[in-house]
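[1] compute the structure for the input listed below.
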Amino acid sequence: MQKLKNDLSNYSNIFVMKNKHYCLFFGLMIQAVSLFAQDASIGKYMFSFHAGPSQYMGKFMGITDYSDHYRDGLRDGIAWNVNYYYLTDKHIFHSWKFAPGFIYEGSRYKNSHRDGSDKIRMNYIAPQLALFMVKRKYNLSLSAGLGYQFYKDKSTVYDTPREVSMNKIASNLSAAAEYLFSSQWGVSGKLNWITSSSDSYSVRYHGQTWKVESPESSDGGGDFSHLSLLIGLNYHF
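    Predicted coordinates:
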């Protein structure tokens, strides 16, 4: 567990350094909310779409090359995120409200080498519960969810297609800040972390399918996750 915490800390630091401009923008948005927000309501429903850079963390399973250099290149990817929330009328304290909802996030990571390639796609869907600090021009939110993640690696080995898949229970934690530029539309930044674990995966190669027990699981477990820094639009109605 301590090794996993150290790995996540290292990957988070690398992610921040590689995406420092996005992180600066996200930090400035949060600071603006704290300084200038005023009490008011913004409606009961919210739909949002975000996209941005993503960093794969933890273990790789079933990839075509386990060298450090190749794995480092495979960790950089992109993500896109859709959320829906219902903001209840009940305040739990001051300006904070409960907001049940749903999340979908997709992500993609790819790299290639002389003898093959990997194209990892993950799709996560879950119900989630959020806390919203609702203000006149700004709001903050903290969200958590538990759902399912669909993992697929469409790789090639010596020009022959090979597919790795594993569908697992996963969870997410996110923090977001929004600036409302009209009564219905706002621009927002979101930091979202999705984590899962697996001790096996399926491989389809040369027309046959095998279930493989991951050797990675014997070295601290088959935990993997991705951290995404996303910018997008919120629609309130």
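[2] distance from the chain centre to stretch 89-105, please.
    20 Å (CA atoms, centre = their mean, to the nearest Å).
[3] what about stretch 79-93, how long is it end to end?
    33 Å (CA to CA, to the nearest Å).
[4] with stretch 54-63 instead?
    So stretch 54-63: terminal residues 18 Å apart, CA to CA.
[5] please identify the buried residues of that stretch?
    Across stretch 54-63, burial judged by 16 or more other CB atoms under 10 Å covers S54, Q55, Y56, M57, G58, K59, F60, M61, G62, I63. (Glycine included, C-beta is placed from N, CA and C.)
[6] and these, which is closest to F98?
    Using CB to CB, S54 is the member of these that sits closest to F98, with 28.0 Å.
[7] report all helices and strands that the one helix or strand that closest one maps to contacts.
    Here S54, judged by DSSP states H and E, is contained in strand 45-58. Counting contacts by 3 or more CB pairs under 8 Å, 6 or more residues apart in numbering; DSSP states H and E, strand 45-58 is packed against helix 2-18, strand 76-86, strand 96-113, strand 185-197, strand 223-236.
[8] strands paired with it, and their directions?
    Here strand 45-58 is paired, per DSSP bridges, with strand 76-86 (antiparallel), strand 223-236 (antiparallel).
[9] got a list of contacts for the helix or strand that comes right after the first one?
    Remark: after strand 76-86, the chain's next helix or strand is strand 91-93, criterion DSSP H and E. By CB atoms under 8 Å, 6 or more residues apart in numbering, the list of residues contacting strand 91-93 from outside reads K97, F98, L131.
[10] need these in a markdown table with pLDDT and distance to G207, can you?
    Output for the contacts of strand 91-93, formatted as a markdown table (pLDDT from 0 to 100; distance: CB to CB, whole Å):
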| residue | pLDDT | distance to G207 |
| --- | --- | --- |
| K97 | 89 | 54 |
| F98 | 90 | 51 |
| L131 | 94 | 50 |
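[11] now, of those residues, which are buried?
    Using 16+ other CB under 10 Å, the buried ones in those are K97, F98.
[12] redo the contacts of strand 91-93 as CSV? Include distance to L173.
    Converted to CSV, the contacts of strand 91-93 look like this (distance: CB to CB, whole Å):
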residue, distance to L173
K97, 19
F98, 16
L131, 12
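[13] much appreciated, bye for now.
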